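**Student:** Following is a predicted model, sequence given first.
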Amino acid sequence: MSDYINCFGCGAESLNIEGECHKYMLASPGCWMMFTEIMEREYSDLRYWKGHQFTVDAYACQHVGKKEDKRAVNSVNIHLASLYGVFEQELSISEMPTLRSQFSQYYKGKGILEWLEPPQSFGELTVFELWDNEDADLHYEIAERWAKSVWSSWSHQHKTIAKLVDRTKS
């Protein structure tokens, strides 16, 4: 048996293991484990924390879940809104959690966020590159490049996300 397989959610080279996965983001157990290890690194070592917002948004947008699961639909919309804010509206990375919160509160219970057809490819970077890096100085740079790559991969939905974000400001 190989040590690695491709994640069926994002295509990342991921550990070939049995185990738990996220409740509504579709990922292989190995991919989910790599993500949780990155979370542990970011939460336990301040040198890694700076890239946390990019990590969360990139991972969520590469693991879209099922069209029928409203949590998955909401998740992708919320995390794409966050990437839109930082890459198109030039918000600071520290403003990403506030944008996500405002966006989710505005749409909460309205049932109007719709399934966004995912791209054919989620970009050239995945969770693997961040997980495989143990250099704290490079962590932020890789996380940012990953998030930019993911945002670019969703270009066919940029106008939709911009309209949704703009609606929260009116």
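**Tutor:** That came through, no problem. Computed from a prediction, not measured in an experiment: that's the story for all the values here.

**Student:** Pass me the low-pLDDT residue ranges in the chain, would you?
**Tutor:** 1, 170 (pLDDT under 70).

**Student:** cutoff 90 now
**Tutor:** Within the chain, the set of residues satisfying pLDDT under 90 comprises 1-2, 4, 15, 19-22, 24, 109, 111, 169-170.

**Student:** What segments of it are strands?
**Tutor:** If you assign secondary structure with DSSP state E, the strands in the chain sit at 4-6, 13-15.

**Student:** With distance to residue 94 and mean neighbour count as added columns, please give these in CSV.
**Tutor:** All C-beta atoms are positioned from the backbone trio N, CA, C, and that covers glycine. Output for the strands of the chain, formatted as CSV (distance: least, CB to CB, whole Å; neighbours: other CB atoms under 10 Å):
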stretch, distance to residue 94, mean neighbour count
strand 4-6, 34, 15
strand 13-15, 30, 22
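
**Student:** is it possible to export those strands to CSV including distance to residue 42?
**Tutor:** Output for the strands of the chain, formatted as CSV (distance: least, CB to CB, whole Å):
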stretch, distance to residue 42
strand 4-6, 23
strand 13-15, 18
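
**Student:** and residue 156, which of those is closest to it?
**Tutor:** strand 4-6 (23.1 Å; CB to CB).

**Student:** helices and strands around the closest one, which ones?
**Tutor:** In terms of contact count using 3 or more CB pairs under 8 Å, 6 or more residues apart in numbering; DSSP states H and E, strand 4-6 is assigned the packing partners strand 13-15.

**Student:** residues making contact with the strand it packs on?
**Tutor:** With CB atoms under 8 Å, 6 or more residues apart in numbering as the test, strand 13-15 has contacts from 3-7, 27-31, 33-34, 126-128.

**Student:** my guess is residue 127 meets residue 34, correct?
**Tutor:** Yes - with contact defined as CB atoms under 8 Å, residue 127 counts as touching residue 34 (5.2 Å).

**Student:** Which one of these two is surrounded by more residues?
**Tutor:** Ranked by neighbour count (other CB atoms under 10 Å), residue 127 and residue 34 place residue 127 first, with 28 against 25.

**Student:** residues touching that one, list them.
**Tutor:** Under the contact definition (CB under 8 Å, 6+ apart), the residues listed for residue 127 are 7, 10, 12, 14, 31, 34-35, 38, 58-59, 62, 146.
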